[in-house]
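# Sequence isn't available, so here's the structure alone:
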């Protein structure tokens, strides 16, 4: 693959054979971002577990993602006022079900009360493809819509590994301070280790790297990172 001049220029700043302490890795990832816009700092970590389809969960980032999250809530009656007061962007019942069934997905997160799931479950072809289907384990099928909406707005994110066992997550904007990005990354690692399956053997996190949206990947010292968050 042919790389541009900026990529080649910034690549020279990072030793790709070295694993850096988190503070240094974050600094390098920010310094090697070559976008004109405020990109996202992303992490990728490879999990060591046999049944990846069973690995998933939610993480609350202390400083949010830096992105405005549009939340949709499927609910009825008084719950609709509750959802609006909590800050939900779209609230409704069958009207929203019909709209989403038509292919509309202009939102980032979706919450549903249990009494709506019979109808919402039929939206699998639309919501499932986008990773937006509400799930009890993720806290997005709940009667406490206030809590769900506020947590999503504040930066609660859902994670699951891809087929190769790698979890990819945005953990903030490049413009965030180094301290805030480190706090968010440590929250991710702490949550992953807390959710570690009891039968997982060996090192659960095989590798860990940070990079900007358009930037150079920087390896992080995994053992040091895990030890600081268990």
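Cool, the structure landed. Please read all numbers here as calculations on a predicted model, not as lab measurements.

# ok, which stretches of the protein are strands?
Assigned by DSSP state E, the chain shows strands spanning 40-47, 57-60, 71-74, 90-92, 109-112, 156-159, 166-173, 205-212, 218-219.

# Make a markdown table out of those strands and add distance to residue 193.
Backbone N, C-alpha and C define where each C-beta goes, glycine included. As requested, the strands of the chain are exported to a markdown table (distance: least, Cβ to Cβ, whole Å):
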| stretch | distance to residue 193 |
| --- | --- |
| strand 40-47 | 11 |
| strand 57-60 | 11 |
| strand 71-74 | 28 |
| strand 90-92 | 35 |
| strand 109-112 | 24 |
| strand 156-159 | 13 |
| strand 166-173 | 12 |
| strand 205-212 | 8 |
| strand 218-219 | 19 |
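
# Turn those strands into CSV, including mean pLDDT and mean neighbour count.
Listed next are the strands of the chain as CSV, based on pLDDT from 0 to 100; neighbours: other Cβ atoms under 10 Å:
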stretch, mean pLDDT, mean neighbour count
strand 40-47, 96, 21
strand 57-60, 89, 17
strand 71-74, 98, 27
strand 90-92, 98, 20
strand 109-112, 96, 27
strand 156-159, 88, 20
strand 166-173, 95, 20
strand 205-212, 96, 21
strand 218-219, 96, 22
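
# Residue 15 is nearest to which of these?
Nearest to residue 15, of all the strands of the chain, is strand 218-219, at 8.9 Å by Cβ to Cβ.

# List just the one of the strands of the chain that sits closest to residue 230.
With Cβ to Cβ, the closest approach to residue 230 among the strands of the chain belongs to strand 205-212: 10.6 Å.

# Report the strands that pair with the closest one, each with its relative direction.
In the sheet, strand 205-212 lines up against strand 40-47 (antiparallel), strand 218-219 (antiparallel) (DSSP bridges).
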